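Student: A predicted structure for the sequence below; I have some questions about it.
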Amino acid sequence: MIYKKINSFFQKKIEDQSQDQNVIISFEDLSKREKFISQNKELKIIKKFDLIPSIYVNLKKEKILTYDKENLVKRIEENQKLYLSMLDVIEILELDNYRTSQISYTGKDINIGIIDDGINTTFPSISKIVTSQQILNKRKKSVKLKNNNKEITHGTIMASIIGNQFKDFDENFIGIAPNVNISDFDISNLKKEFYFSNILEIFDKIINQSLKIDILLISLTTLHPSDGKDILSLACDMIVDREIIIVCPAGNLGPKPYSIGSPSAAEKVITIGSIDKEFTISEFSGRGPTLDERMKPDFCLPGSKIKLPLSNDLHVNVSGTSVSASIGVSLIALIKEHNPNMLYNDILKLLKKSSINLNYERAAQGHGIITVPNIFKNLDLFHDKILPYSYLIKKSLKISIEFGIILIILFYFFYFFKIT
């Protein structure tokens, strides 16, 4: 059977199954959407979306086939399920040393949005940097319960990687961007299931309420690979055109090729894969290319067995490409603090220039690993070693004392030996 407007993956699914399907129908513009709705008054609409004019409905196969022939309809696709791109928390340990280089930029005044399963602000690692919570309706009760206990959500870990407030022995913040402002876009629900429609709803909220967001982290991806033409990928590209950087993980379906799902396959999303401490591409890290043969991921960053403190006595060890993506968000926050006017094309160009080729296939490593020194060298800001202010104070005091002792010794030497 020949379909006109039904997504290719969805075609196979409706041919094999007879039950009702969760469907997103998109239109060329809002007027065509409203005309379609007026002509199909019996249709029970679950949700409308405006960024890309569309509706979320539950349909039987017969109705889907009928709407495939409708001139007002642009595209019909499944409301695909999304999956968090972090492997399970591996172990809970005592807090030990976790040190990250500290540079002069800390993400100050940069607004990061995290679309995830919510951030538990009871953990001291992030309690000061989560400045707002944008909770989808009907989920407020579960979120309230979440913040009354010590639940370690995926979003909590993402926020802790970005802006962790704990310090190492040199008084450096562990978080790469400890002074960012984080908005918690919580799409959690009791079923712990996430769909395209959840993120599309967040996008509409950002646009309609003119929320100030510089960078968005979307830590979810589909199991099916994408060509970047699905509604969520296209919506991401439109958000980037509105001057918001979007970072996504490459997913954890590697090492097989063509394992980049949506929205990671979106053309204008910065997609990050994972490497381990030996600079080896993590086996689980999603590989490109996309279904339309574009190169993804764009870069790779550490994402395997990262140790992270959440409180004074709680420490987690985590792996997954969303860990890598959150590190990528942190680096972009530092860049945006230096120059808030840098947009997608400028940042992508800088990151490419600042990456080191690890000699893996492009489909695995993208442009390689992004290095912090190279970023700031390319911005003409990096010197051989940038040391914390507190360290410099201690060092200068030590030098002053040593110099004073030398002067005293010289004074007595000249005094006793009468050297003139």
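Tutor: Perfect, thanks for sending it. The model shown is predicted, which means the values in this text are computed figures rather than measured ones.
Student: Mind splitting this structure into its structural domains?
Tutor: Following automatic domain parsing, the chain resolves into domains at 8-79, 83-378.
Student: For the longest one, give the mean pLDDT please.
Tutor: When you say that, I think you mean domain 83-378. Looking at domain 83-378 alone, the average pLDDT works out to 88.
Student: what's the first-to-last distance across it?
Tutor: Chord length of domain 83-378, first to last residue, is 36 Å (Cα to Cα, to the nearest Å).
Student: how far out from the middle of the chain is that domain?
Tutor: In terms of Cα atoms, centre = their mean, to the nearest Å, the gap separating the centre of domain 83-378 from the centre of its chain is 2 Å.
Student: Over to the shortest one?
Tutor: Mean-position distance between domain 8-79 and its chain equals 29 Å (Cα atoms, centre = their mean).
Student: mind checking the SS state of residue 349?
Tutor: In the three-state summary, residue 349 is assigned as helix, counting by DSSP: H, G, I helix; E, B strand; the rest coil.
Student: All the strands of the stretch 301-420 of the chain, residue numbers only.
Tutor: Listed in chain order, the strands found in the stretch 301-420 of the chain under DSSP state E, counting those that start in this stretch are 306-311, 314-318, 355-356, 369-370.
Student: The first one: which residues count as buried?
Tutor: Under the neighbour-count criterion of 16 or more other Cβ atoms under 10 Å, strand 306-311 has 306-310 buried. Every C-beta, even on glycine, is put in place using the N, C-alpha and C of the backbone.
Student: Give me the contact list for the host helix or strand of residue 33.
Tutor: When elements are assigned from DSSP states H and E, residue 33 belongs to helix 30-39. When contacts are taken as Cβ atoms under 8 Å, 6 or more residues apart in numbering, the neighbours of helix 30-39 outside the stretch itself are 25, 27, 43, 45, 48, 50, 53-55, 70, 72-74.
Student: Quick check: can you name the pairing partners of the very next helix or strand once past that helix and their directions?
Tutor: Using DSSP H and E, the next helix or strand after helix 30-39 towards the C-terminus is strand 45-49. Under the criterion DSSP bridges, strand 45-49 sits next to strand 54-59 (antiparallel) in its sheet.
Student: Wait, residue 128 touches residue 164, no?
Tutor: No: under the criterion of Cβ atoms under 8 Å, residue 128 lies out of contact with residue 164, with a separation of 10.7 Å.
Student: Looking at these two, which one has more neighbours?
Tutor: residue 164 (25 against 13; other Cβ atoms under 10 Å).
Student: Pretty sure that one sits against residue 309.
Tutor: Yes: counting by Cβ under 8 Å, residue 164 does reach residue 309; the two are 6.9 Å apart.
Student: Between these two, which contacts overlap?
Tutor: Both residue 164 and residue 309 are contacted by 125, 174, under the criterion Cβ under 8 Å, 6+ apart.
Student: What residues sit buried inside the helix holding residue 33?
Tutor: Across helix 30-39, burial judged by 16+ other Cβ under 10 Å covers 32-33, 36.
Student: Distance to residue 238 and pLDDT added to those residues, as TSV?
Tutor: TSV is the format used below for the buried residues of helix 30-39 (distance: Cβ to Cβ, whole Å; pLDDT from 0 to 100):
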residue	distance to residue 238	pLDDT
32	17	98
33	16	98
36	21	97
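Student: and of those residues, the nearest to residue 134?
Tutor: residue 33 (24.7 Å; Cβ to Cβ).
Student: Start from the N-terminal end of the stretch 1-150 of the chain and give the helices.
Tutor: Listed in chain order, the helices of the stretch 1-150 of the chain (DSSP state H, counting those that start in this stretch) span 8-16, 30-39, 61-67, 140-146.
Student: buried sites along stretch 362-372?
Tutor: Buried positions in stretch 362-372, judged by neighbour count with 16+ other Cβ under 10 Å: 363-370, 372.
Student: again but with stretch 330-338, I slipped
Tutor: 330-337.
Student: Please, which helix or strand holds the nearest residue to residue 259 once chain neighbours are set aside?
Tutor: Computed as Cβ to Cβ, 6 or more residues apart in numbering, the closest residue to residue 259 that is not its neighbour in sequence is residue 253, at 4.0 Å. Using DSSP H and E, residue 253 falls within no helix or strand.
Student: contacting residues around residue 253?
Tutor: Residue 253 makes contact with 223, 259, 261, 284, 286 under the criterion Cβ under 8 Å, 6+ apart.
Student: Same check on residue 132?
Tutor: With contacts defined as Cβ under 8 Å, 6+ apart, the neighbours of residue 132 are 181, 183-184.
Student: same check, this time on residue 163
Tutor: Residues in contact with residue 163, defined by Cβ under 8 Å, 6+ apart, are 107, 126, 129, 175, 177-180, 182, 330.
Student: Stretch 40-58: end-to-end distance?
Tutor: Using Cα to Cα, one end of stretch 40-58 lies 14 Å from the other.
Student: Just the mean pLDDT for that stretch, thanks.
Tutor: Mean predicted lDDT for stretch 40-58 stands at 96.
Student: Pick out the residue closest to the middle of this structure.
Tutor: By Cα atoms, centre = their mean, the chain has its centre lying nearest to residue 217, at 2.8 Å.
Student: for that one, what are its contacts?
Tutor: By Cβ under 8 Å, 6+ apart, the contact set of residue 217 is 112-116, 158, 162, 247-248, 325-326, 329.
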